[in-house]
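Engineer: Take a look and give me a structure for this.
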Amino acid sequence: MKSIIENIYLESAFLLIFTLFFCTVVSGQKNASPNNNLSRVPNEIIIELNPLNQNDLPAIAAQYGLTLLEQVGTPPTYRMQITNGQTPEQVLAAMQNDTRILTKEFNRKLYQVEQEDLPWTIGQTWSIGQTWSIGRSRKGYESQWFPGMIRLKEAHQINRGTRVDNGQPVVVAVLDTGIDLNHPAFANRLVPGYDFVDNDDNPSEVGIARQNPSFGHGTHVAGIIALTAPEAKIMPLRVLDRNGEGELWKVQTAILWALNNGADVINMSMSFPGDVLPQDHKVLKRLIDYCDDGTEIEIGKTYPTNNKRCIIVAGSGNGGDAAKIYPAALKAESVEIMAVAATTRYDRLAAFSTINVAGSGGNEWVRFVAPGESIISAMPGGSYGAWSGTSMSSPIVAGIAALVKAKNPAMTPHQIFEQLENTGISWRCTLSSRNYDIDTTRVDAFCAVNNTLACGPRRTVCPE
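Structural biologist: Next up, the predicted model:
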C-alpha cells in the first residue's frame with residue numbers, strides 16, 4: 001500500500017495534468033463575458049433611499065413597478081421584486097437620474113469559488129479527486145504540508161487565537177455552505193450562527209455526498225480555520241445553498257449579522273464575475289469599508305451601534321488568469337479586503353489560481369498568496385479530505401489574521417492587513433508561466449504573529 005506522502009504526490013501530479021488540460025480546453029471560454037442570467041437573481045434589484053426620501057418608498061415602488069420583499073438596516077436597504085415585466089437593466093437605467101434613490105444595483109448571484117461549469121473559473125472541486133472521497137484521516141489533517149510552509153507551529157508558540165487583553169477567543173465568521181456542526185474538529189469551537197438560506201438558526205450543511213458537488217465546502221473551509229487558529233471560535237453562517245449558490249442580499253445580511261454578534265474576522269470563499277461598473281458594488285463596498293474603520297460612509301446610513309471593526313478575507317478565484325473576481329477584487333477600488341491567491345506545496349503559484357498583473361494602474365488587488373493545493377480538512381460525517389482552490393487559501397489567511405488580532409487586540413483591520421503584508425515573503429517578479437509581472441506577498445504566520453524585526457529584513461523571491 002502506498003504511503004500517504006506517495007498518494008499526495010500522485011494527486012498533485014494528477015491535479016497538474018488535469019489543470020493544464022482543462023486550461024487548454026476552456027481558455028477561450030473563461031475569458032468571455034459572463035452570462036448575465038448566470039450572475040444575477042432574476043427580477044430583483046437592491047436599492048437604498050436618500051435620507052430625505054425615506055418615506056417615498058411606496059411612490060418609488062409604484063413608479064418603477066416594484067414590490068418590497070425584504071429590508072435590513074437603519075435606514076433600510078431594500079430588496080425589491082420587479083413586477084412590471086421589465087428587466088433589472090431597464091429598471092436601473094430608468095432610475096439613473098432619480099435623486100430620491102441613493103444606491104441601486106442588481107441582486108448579484110454569488111458562487112462557491114470552486115464551483116464547476118462557470119465561464120470564469122476552472123472549477124477546482126471534487127470531480128477531479130480533490131475531496132473527502134480520498135479518505136483522509138485526522139492524523140493527515142494535523143500533519144499535512146501547509147503548516148510547515150507558513151511556519152504555523154512557531155506561530156502557535158506565541159498565540160493560538162486567545163486575546164491577550166481579556167482571555168477571550170477571537171471569533172471568525174465563515175460565510176459559506178454551512179458546516180457539519182457535530183464534526184470532531186469543531187468540538188467546543190463554535191459560537192451560534194445562522195442559516196440565511198432557510199432562515200433558521202441551524203447553519204448545518206445541506207445536501208448529499210457525491211450528488212451535490214458543493215456539499216462539504218463550508219465544513220472544509222471552517223476546518224482550515226480551526227487548524228490555523230486552534231483557540232479561535234468559529235461562527236458558521238450559511239449563505240450558499242446545496243449547489244454552492246447564493247446572492248448578494250443574503251451575504252450583506254450575513255455580514256451585518258456577524259458584526260452584530262461579535263465577529264472579528266469574516267471569511268468569504270465565494271465570488272461573482274467583474275462584469276459590472278464599480279458603482280454597482282455599493283452594498284459590499286460600504287459594508288467592508290465600515291468593517292475596516294467602524295465609521296459611517298454616507299450621511300444618514302447607520303450600521304451596527306457597537307462600532308465593531310472586522311477583517312474581511314476572500315479567495316481571488318480559480319480562473320488561472322488575471323480577470324477580476326469579486327468580492328476579492330474590491331481591493332482594486334480601495335476597499336480594505338484581503339484577496340488571497342493559491343500556492344502549491346513547492347511554494348509556487350497554483351496553475352488554477354487567479355492573480356492580477358502588477359503595475360496595472362493601481363489595480364494590484366491580490367495582495368496575498370497562501371497554500372491552496374490538496375489541503376486536508378474536515379468533511380461532513382466526521383471525515384477528512386483534500387480539496388484545492390483559493391477557497392482553501394482564504395481561510396488560512398483568515399486564521400493568521402485571527403492570530404494577529406489575538407496577539408495585538410488594539411490593531412485595526414488596516415494595521416493587521418499591513419502586518420501580514422510587511423512580514424510575509426515578497427513575490428515580486430516576472431511570472432514566466434503567464435508572461436506578466438506579479439507583486440504580492442506569501443504569508444508567514446510566525447512573522448505575522450511575532451513582528452517584522454524578529455524575522456529580519458523582508459525577503460523577496462520569485463516563485464519559479
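Engineer: which regions of the stretch 51-200 of the chain sit below the pLDDT cut-off?
Structural biologist: Scanning the stretch 51-200 of the chain with the threshold set as pLDDT under 70 gives 112-136.
Engineer: what about the strands in it?
Structural biologist: Secondary structure of the stretch 51-200 of the chain (DSSP state E, counting those that start in this stretch): strands located at 66-72, 77-82, 101-112, 171-176, 194-195.
Engineer: Save those as CSV, and put in mean neighbour count and distance to Arg40 too.
Structural biologist: Glycine gets a C-beta too; all of them are placed from N, C-alpha and C. What follows is the strands of the stretch 51-200 of the chain, written out as CSV (neighbours: other CB atoms under 10 Å; distance: least, CB to CB, whole Å):
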stretch, mean neighbour count, distance to Arg40
strand 66-72, 14, 15
strand 77-82, 21, 11
strand 101-112, 22, 5
strand 171-176, 29, 19
strand 194-195, 20, 23
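Engineer: closest to Arg428 out of those?
Structural biologist: Arg428 lies closest, by CB to CB, to one member of the strands of the stretch 51-200 of the chain: strand 171-176, at 29.4 Å.
Engineer: separation between the residue lying closest to Pro463 once chain neighbours are set aside and Val369?
Structural biologist: Nearest residue to Pro463 in three dimensions, chain neighbours excluded: Arg348, at 4.5 Å (CB to CB, 6 or more residues apart in numbering). Here Arg348 is placed at a distance of 10 Å from Val369 (CB to CB, to the nearest Å).
Engineer: More neighbours: those two, which one.
Structural biologist: Each of Arg348 and Val369 has its neighbours counted (other CB atoms under 10 Å); Val369 has more, 30 against 18.
Engineer: In which helix or strand does that one reside?
Structural biologist: Here Val369 sits within strand 368-371, counting by DSSP states H and E.
Engineer: got the CA positions of that strand in PDB?
Structural biologist: Output in PDB follows, covering the C-alpha atoms of strand 368-371 (Å, rounded to 0.1, in the frame of the first residue of the first chain):
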ATOM      1  CA  PHE A 368      -1.600  37.800  -0.600                       C
ATOM      2  CA  VAL A 369      -0.900  34.200  -1.600                       C
ATOM      3  CA  ALA A 370      -1.200  31.200   0.700                       C
ATOM      4  CA  PRO A 371      -1.300  27.400   0.300                       C
END
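Engineer: Identify each buried residue in that strand, please.
Structural biologist: 368-371 (16 or more other CB atoms under 10 Å).
Engineer: Quick check: which helices or strands does that strand pack against?
Structural biologist: Using 3 or more CB pairs under 8 Å, 6 or more residues apart in numbering; DSSP states H and E, the elements in contact with strand 368-371 are helix 146-150, strand 338-343, helix 390-407, strand 436-442.
Engineer: Go through those and name the closest to Gln415.
Structural biologist: Among the helices and strands packed on strand 368-371, the nearest to Gln415 by CB to CB is helix 390-407 (9.0 Å).
Engineer: What average pLDDT does the closest one get?
Structural biologist: Averaged across helix 390-407, the pLDDT comes to 97.
Engineer: just the angle between it and strand 338-343, please?
Structural biologist: In terms of direction (axes from the mean of the first three to the mean of the last three CA atoms, to 10 degrees), helix 390-407 departs from strand 338-343 by 130 degrees.
Engineer: now helix 390-407 and strand 171-176, what's the angle there?
Structural biologist: Using the same axes, to 10 degrees, helix 390-407 lies at 170 degrees relative to strand 171-176.
Engineer: Would you mind writing the CA trace of helix 390-407 as PDB?
Structural biologist: What follows is helix 390-407, C-alpha atoms only, in PDB (Å, rounded to 0.1, in the frame of the first residue of the first chain):
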ATOM      1  CA  THR A 390      -8.400  29.700  -3.500                       C
ATOM      2  CA  SER A 391     -11.300  28.800  -1.100                       C
ATOM      3  CA  MET A 392      -8.700  26.900   0.800                       C
ATOM      4  CA  SER A 393      -6.100  29.700   0.700                       C
ATOM      5  CA  SER A 394      -8.500  32.300   2.100                       C
ATOM      6  CA  PRO A 395      -9.300  30.600   5.400                       C
ATOM      7  CA  ILE A 396      -5.500  30.100   6.100                       C
ATOM      8  CA  VAL A 397      -5.100  33.900   5.800                       C
ATOM      9  CA  ALA A 398      -8.300  34.400   7.900                       C
ATOM     10  CA  GLY A 399      -6.800  32.100  10.600                       C
ATOM     11  CA  ILE A 400      -3.500  34.000  10.600                       C
ATOM     12  CA  ALA A 401      -5.400  37.300  10.800                       C
ATOM     13  CA  ALA A 402      -7.200  35.900  13.900                       C
ATOM     14  CA  LEU A 403      -3.800  35.000  15.500                       C
ATOM     15  CA  VAL A 404      -2.500  38.500  14.900                       C
ATOM     16  CA  LYS A 405      -5.700  40.000  16.300                       C
ATOM     17  CA  ALA A 406      -5.400  37.900  19.400                       C
ATOM     18  CA  LYS A 407      -1.800  38.900  19.900                       C
END
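Engineer: Could I get the helices and strands packed on strand 368-371 in a markdown table, plus columns for distance to Pro463 and mean neighbour count?
Structural biologist: Putting the helices and strands packed on strand 368-371 into a markdown table (distance: least, CB to CB, whole Å; neighbours: other CB atoms under 10 Å) gives the following:
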| stretch | distance to Pro463 | mean neighbour count |
| --- | --- | --- |
| helix 146-150 | 12 | 20 |
| strand 338-343 | 7 | 29 |
| helix 390-407 | 14 | 30 |
| strand 436-442 | 7 | 20 |
